[in-house]
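here is the input, now give the coordinates:
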Amino acid sequence: MGSTSFRQLTGNARGCLVYEPLFLIPYSMFTTYTSIYMYQLGVTETGIGWITSIGLLVQVLSSFLSGYLTDRLGRKKALLYFDVLSWSVATLLWAVSQNFWFFVIAAVINGFQKVPHTAFYCLLVEDTAPKERTYVFTLLQLISVVGGLFAPLGGLLVYHFSLVPGVRIMFVLACILMTIQFIGRHYATRETEIGYRKMKETKAMGLREGMSDYVQVMKSMLGNPLLMMIFGVYILFNFQMTVKTTYVSIFMVEYLHLGSGLISVFPAFSSVIMLIFMRWIMPRIGERHVHRTMVWGFVISVLSNVMLVFAPQGDLLVLSLSTVIAAFGTMMTYPYLETAVANAIDDENRAKIFALLQVLILIVISPSGIIGGWAYGIDPRIPFLLVAGAFVISIPLMLLYSNKIKAAPIEAGI
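This next block holds a predicted model:
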């Protein structure tokens with residue numbers, strides 16, 4: 001998708017996405033090394049799991065509050081204030097971390113990222129027509145993929161300065177670039193009409209009264225089987241992503257004995273494959289084939305993780321094939337799943353429904369850090385079997401959802 005396509009964006013969608021590379025490029029650089037960075041500073045595999053789970057527990061709290069805070073402060077202010085707190089402050093703290101407790105404090109601060117996550121989601125889609133949202137999310141995914149191409153820059157820093165100093169430099173760069181993004185995006189966007197209305201409605205409303213609205217929204221969600229099915233697939237997808245992101249770098253370095261500078265090549269390699277998919281394959285997938293495409297995406301994602309489990313130590317060929325297959329699996333599932341969830345949620349209650357969805361996700365995946373750390377301690381391959389298991393469960397769930405939609409094409413939204 002070229003620059004001409006980007007010029008078609010208007011309003012908040014354009015203001016949000018034009019600054020997104022300033023976040024995704026530094027994020028793609030340091031995320032590959034975060035777990036190894038902690039490990040090199042003396043944090044054990046189990047300790048890394050505890051830090052991940054503590055951060056996720058704080059995200060549960062911030063997710064629950066995010067709908068109320070997004071409505072109360074407005075989309076723009078909630079986005080700016082909590083992005084600066086959860087990312088600018090957290091990356092600066094990671095840059096100077098010395099031991100386990102530094103990472104715990106950083107995880108707590110970073111845990112408030114769910115407030116700007118909800119605010120960004122609302123700001124991005126509320127003034128965008130539903131038929132245009134697939135395009136917006138696809139372009140957002142494209143920016144994310146392009147950001148992954150810069151991951152090897154992190155490898156160069158590690159190669160030149162060694163791991164710990166190199167990662168510290170990445171975090172400082174991330175703090176600077178992300179802060180520029182937050183400020184630039186704030187001035188490039190405007191508050192949505194729904195945002196203004198919600199600010200007025202919640203102005204005289206206390207926290208307890210604001211929280212009471214969640215009860216009715218939750219009842220509506222739980223009473224909608226189609227919505228809960230697609231939410232179930234979304235939750236499983238987030239579970240596997242959390243486990244794999246936390247342990248794949250350590251697995252490659254400690255178990256498969258790859259050089260720490262080399263592992264940054266794999267995210268970039270994956271990004272190239274995703275770009276090829278988006279350019280030549282995605283346009284050929286018709287809307288009526290989306291569910292079938294997602295099911296096959298889950299199937300090949302299972303295959304990619306099984307290949308990772310049985311990869312011989314130091315075998316770059318098997319790892320490369322696993323990376324290629326995983327990239328195809330991601331592109332066959334993630335953009336369509338994200339769009340399906342976005343279109344299933346009503347604009348009027350979007351902040352609260354999305355906040356509750358994040359709570360449900362985090363309740364399920366919060367133990368994933370501890371479980372993953374415990375499993376890794378037994379056998380480093382077990383976490384990736386858990387990832388494969390999440391995809392296996394998603395296959396029949398997605399097939400059931402697809403059949404229900406075909407048999408009774410009822411609106412899934414609230």
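
and what about the nearest residue to residue 175 once chain neighbours are set aside, helix, strand or coil?
Leaving out its chain neighbours, the residue that sits closest to residue 175 by CB to CB, 6 or more residues apart in numbering is residue 91, at 4.3 Å. (Each C-beta comes from the backbone N, C-alpha and C, glycine too.) Here residue 91 takes the helix state, with states given by DSSP: H, G, I helix; E, B strand; the rest coil.

low pLDDT regions in the protein?
1-8, 206-207, 210, 408-414 (pLDDT under 70).

tell me where it has strands.
Using DSSP state E, the chain contains no strands.

if I pick the residue nearest to residue 175, what's in contact with it?
Contacts for residue 91 (CB atoms under 8 Å, 6 or more residues apart in numbering) come out as 30, 171-172, 174-175, 178.

redo that, cut-off 10 Å
26-27, 30, 106, 109-110, 170-179 (CB atoms under 10 Å, 6 or more residues apart in numbering).

now residue 281
293, 328, 331-332.

closest one to residue 138 out of those residues, please.
residue 331 (10.0 Å; CB to CB).

with just CA atoms, put stretch 37-48 into PDB.
This file holds the C-alpha atoms of stretch 37-48, laid out as PDB (Å, rounded to 0.1, in the frame of the first residue of the first chain):
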ATOM      1  CA  TYR A  37      18.200  -7.500  28.900                       C
ATOM      2  CA  MET A  38      16.500  -8.500  32.200                       C
ATOM      3  CA  TYR A  39      18.200 -11.900  32.200                       C
ATOM      4  CA  GLN A  40      21.600 -10.300  31.700                       C
ATOM      5  CA  LEU A  41      20.900  -8.000  34.700                       C
ATOM      6  CA  GLY A  42      20.400 -11.000  36.900                       C
ATOM      7  CA  VAL A  43      16.600 -11.600  36.600                       C
ATOM      8  CA  THR A  44      15.800 -15.300  36.400                       C
ATOM      9  CA  GLU A  45      13.300 -16.900  34.000                       C
ATOM     10  CA  THR A  46      10.800 -17.200  36.800                       C
ATOM     11  CA  GLY A  47      11.500 -13.500  37.800                       C
ATOM     12  CA  ILE A  48      10.800 -12.400  34.200                       C
END
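
pull out the buried residues from it.
If you call a residue buried by 16 or more other CB atoms under 10 Å, then stretch 37-48 has these buried ones: 37-39, 41, 43, 45, 47-48.

now do stretch 126-136
Neighbour-count burial for stretch 126-136 [16+ other CB under 10 Å]: 126-128, 133-136.

any chance of those residues in JSON lines, plus distance to residue 365?
Shown next, in JSON lines, are these (distance: CB to CB, whole Å):
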{"residue": "126", "distance to residue 365": "27"}
{"residue": "127", "distance to residue 365": "31"}
{"residue": "128", "distance to residue 365": "28"}
{"residue": "133", "distance to residue 365": "25"}
{"residue": "134", "distance to residue 365": "26"}
{"residue": "135", "distance to residue 365": "29"}
{"residue": "136", "distance to residue 365": "26"}
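
and those, which of them are in helices?
Here DSSP state H is the test, and these give 133-136 as lying in helices.

closest to residue 148 out of those?
Of those, the one sitting nearest to residue 148 (CB to CB) turns out to be residue 136, at 19.3 Å.

run through the residues that contact that closest one.
So residue 136 contacts 9, 12-14, 16-17, 124-125, 128-129, 339, 342 (CB under 10 Å, 6+ apart).

quick check: the gap between it and residue 19.
15 Å (CB to CB, to the nearest Å).

now swap in residue 344 and tell me
27 Å.

for the residue sitting furthest away from the middle of the chain, give its distance to residue 72.
Centroid-distance maximum for the chain: residue 204 at 33.8 Å, with CA atoms, centre = their mean. Counting by CB to CB, the gap from residue 204 to residue 72 is 11 Å.

which residues are in contact with each of the two?
Counting by CB under 10 Å, 6+ apart, nothing touches both residue 204 and residue 72.
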